[in-house]
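> 3D, please:
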Amino acid sequence: MHLLDLYAPSLHGRRDHAALEVADAHGALQRLTFGDLDARSDALAAGLRHRGLDRGDRLAVCLPNRLEVIDLWLAAMKLGLIVVPINVLYRGHEIGHIVGDAGPRAVVTTADRASDFGSTDVWDVEELAHAAARPTAAGVRPALGAESPAALMYTSGTTGAAKGAVLTHGNFVANARALLAAWEITAADRYLAALPLFHVHGLGNGLQCWLASGCHMRLVDRFDHTQAQGWFTAYRPTLFFGVPTMYVRLLETDAASARAIGAAARLFVSGSAPLPPAVLEAFHARFGHVILERYGMTETLMNVSNPLHGERRPGTVGLPLPGVEVEIRSASDGDATAVADGVAGELYVRGANVCAGYWQRPDATAAAFRDGWFRTGDLGVRAPDGYITLQGRRSDLIISGGFNIYPREIEELLAALPGVREAAVMGVPDATRGEVPVAYVVSDDRRDEGTFAAALDTALRARIASFKVPRAFVRVPQLPRTALGKVQKHLLPPWRP
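This next block holds a predicted model:
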């Protein structure tokens, strides 16, 4: 089964039903039916075909949430293209690697971002939007199967080198079906979409569940805590997917509005980073809902979820989803034996949700799989009744506000700057974002600490996304190392804001 089969009951069976509302460039709400979306994507698919795109070609998309992202996704699925979403916060260093690795035929973005993509063919989203608005008969659609690639979602490992996880039609279909069953999502739901569609959380969960269920969606360009209360009050969603940072901000809602929002809602889901139990408890008290926490990753989409009906246990991610197998095995190198309940180990996952491997990286693919199971790199422990609690990662990955930050990337950039001899980056707890990066720098620069830190901050902001820039730059005389030269980050002095 491929994604067009999954979408058919909505795009064709509910053609005249309201599907989406989204603000245009002037702030006015556009309202579209599923039939409108089907027609728009047919027209855009014809336009992309006219530009020379064919099955298997990669099409990169670097856009904030807007109607055209949905048009492009549907058109790509109709042509058998492979979508390469790019985080809109990324800059030259990050973009260059993804574009160089994926080799897209073109990048769709806004006119002001064209210069960020070098010699790559850049298509202005506004021009494509005009094409989508012109009715065009549907063309011949390629024969697709569950194994056909649908997207390259870029993630990284401990080396910091971004890898493209090949997510197939079957991966997205299996994930959507599992979530619709586990969370009982139906056409009666109203989904407020504030997660970025360039991220697997918004694209793989939110967008797919909407199209698969035929429910109604309100799409906003980004989460803005100053507007969130107004969105909830006006739209009255039954369903909301968020990251912990969003829920921290929603706790600022006044008590009366929170009660009204909670009364209209059916389900709040959190993922992409650990949800502090204190936030879960405060949200329950204020909104009358226990947030449902779940666990997934770019390469596997969703794996585990607290139950819709039953105990949503604070601090845990719940039980394996339908069709997903999870084993906890020894985290020792070379030992893949299963551990007993109550013993921490590495999570291994198997199911139709698991990616086909990494784009053009047979070495990384081979390392990620063991006897048919995917090694997540996440550590966890299973209780006797099956609930799984995560305990961090084998690597030193930092998750800040739902975004992954890989220290090696930042360390390499810092080491290339004048006055920096070496650097180590690690995550420190943050009440709002979960974690934030802090850099420890060995330097021969004689400027005062404030001036030097400001220079490093400015240099990094020109090269990487703002959420990756360290919250602080701490000078140290040397980095603690083992006898073999490995940096011992746990021995670095604690940082306090």
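> From now on I want contacts and neighbour counts done on CA atoms only, so please keep to that.
Will do.
> all helices for the stretch 301-450 of the chain, in order.
362-368, 407-415, 449-461 (DSSP state H, counting those that start in this stretch).
> And those helices: which comes nearest residue 22?
For the helices of the stretch 301-450 of the chain, proximity to residue 22 was assessed by CA to CA; helix 449-461 is nearest, at 30.9 Å.
> For the closest one, what is the distance to the chain centroid?
For helix 449-461, the separation from the chain centroid amounts to 29 Å (computed by CA atoms, centre = their mean, to the nearest Å).
> can you check stretch 195-206 too?
The chain centre lies 5 Å from the centre of stretch 195-206; the measure is CA atoms, centre = their mean.
> coming back round to it: I'd like the helices of the stretch 301-450 of the chain laid out as a markdown table, including mean neighbour count.
Supplementary listing: the helices of the stretch 301-450 of the chain in a markdown table, determined by neighbours: other CA atoms under 10 Å:
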| stretch | mean neighbour count |
| --- | --- |
| helix 362-368 | 13 |
| helix 407-415 | 20 |
| helix 449-461 | 15 |
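> Mean pLDDT lowest where, among these?
Within the helices of the stretch 301-450 of the chain, confidence is poorest for helix 407-415, with a mean of 88 (mean pLDDT).
> orientation of that helix relative to helix 449-461 in degrees?
Direction vectors for helix 407-415 and helix 449-461, defined by axes from the mean of the first three to the mean of the last three CA atoms, to 10 degrees, enclose an angle of 120 degrees.
> What values do phi and psi take at residue 488?
Backbone torsions of residue 488, given as degrees, to the nearest 10, read phi -100, psi 90.
> The chain should start at 359 in everything you say after this.
Happy to do that; since the first residue is 359 now, the last one works out to residue 846.
> Could you count how many residues lie near it?
12 (other CA atoms under 10 Å).
> Next, find the distance separating it from residue 676.
Here residue 846 is placed at a distance of 33 Å from residue 676 (CA to CA, to the nearest Å).
> Would you check how far apart the nearest residue to residue 596 once chain neighbours are set aside and residue 635 are?
Among residues not flanking residue 596 along the chain, residue 623 sits closest, at 3.8 Å (CA to CA, 6 or more residues apart in numbering). Residue 623 sits at a distance of 21 Å from residue 635 (criterion: CA to CA).
> out of the helices of the stretch 659-808 of the chain, nearest to residue 853?
Here helix 807-819 is closest among the helices of the stretch 659-808 of the chain (CA to CA), at 14.7 Å.
> hang on, the earlier thing: pick out whichever of residue 623 and residue 635 has more residues nearby.
A count of neighbours by other CA under 10 Å puts residue 623 above the other of residue 623 and residue 635, at 21 against 13.
> residues in contact with the more buried one?
594, 595, 596, 597 (CA atoms under 8 Å, 6 or more residues apart in numbering).
> Count the residues that sit near the third one.
Residue neighbour count, defined by other CA under 10 Å, stands at 21 for residue 596.
> in what helix or strand does residue 364 lie?
Residue 364 is part of helix 361-369 when elements are defined by DSSP states H and E.
> Tell me which other helices or strands the next helix or strand after that helix touches.
Moving toward the C-terminus from helix 361-369, the first helix or strand encountered (DSSP H and E) is strand 376-381. Using 3 or more CA pairs under 8 Å, 6 or more residues apart in numbering; DSSP states H and E as the contact criterion, the secondary-structure elements in contact with strand 376-381 are strand 387-391, helix 392-408, strand 574-577.
> what lines up beside the shortest one in the sheet?
Strand 574-577 has its sheet partners listed here by DSSP bridges as strand 376-381 (parallel), strand 548-551 (parallel).
> out of those strands, deepest packed?
strand 548-551 (a mean of 25; mean count of other CA atoms under 10 Å).
> Output that strand as CSV, nothing but the C-alphas.
Written as CSV, here are the backbone C-alpha positions of strand 548-551 (Å, rounded to 0.1, in the frame of the first residue of the first chain):
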residue,chain,number,x,y,z
ARG,A,548,-10.3,19.0,14.6
TYR,A,549,-6.5,19.2,14.5
LEU,A,550,-4.5,22.4,15.3
ALA,A,551,-1.2,22.0,13.5
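> Can you name the residues in contact with that strand?
Residues lying outside strand 548-551 but in contact with it, judged by CA under 8 Å, 6+ apart, are 560, 564, 568, 573-578, 590, 593-599.
> So, low pLDDT: which residues of the stretch 709-855 of the chain?
Low-confidence segments of the stretch 709-855 of the chain (pLDDT under 70): 840-844.
> oh sorry, the question was meant for the chain
Screening the chain residue by residue with the criterion pLDDT under 70, one finds the ranges 496, 514-519, 840-844.
> circling back: scan the contacts of residue 623 and report the most crowded one.
residue 595 (24 neighbours).
> Just to be sure, that residue is in a strand?
No - secondary structure assignment (DSSP: H, G, I helix; E, B strand; the rest coil) places residue 595 in coil, not in a strand.
> Look up how far residue 627 lies from it.
Residue 595 is 13 Å from residue 627, by CA to CA.
> Over to residue 851?
36 Å.
> Neighbour count: those two, which is higher?
Comparing residue 851 with residue 627 by other CA under 10 Å, the one with more neighbours is residue 627, at 19 against 10.
> For that one, list each beta-bridge partner.
The residues listed as beta-bridge partners of residue 627 by DSSP bridges are residue 599, residue 650.
> quick one, what contacts it?
If a contact means CA under 8 Å, 6+ apart, then residue 627 has 598, 599, 600, 649, 650, 651, 652 as its contacts.
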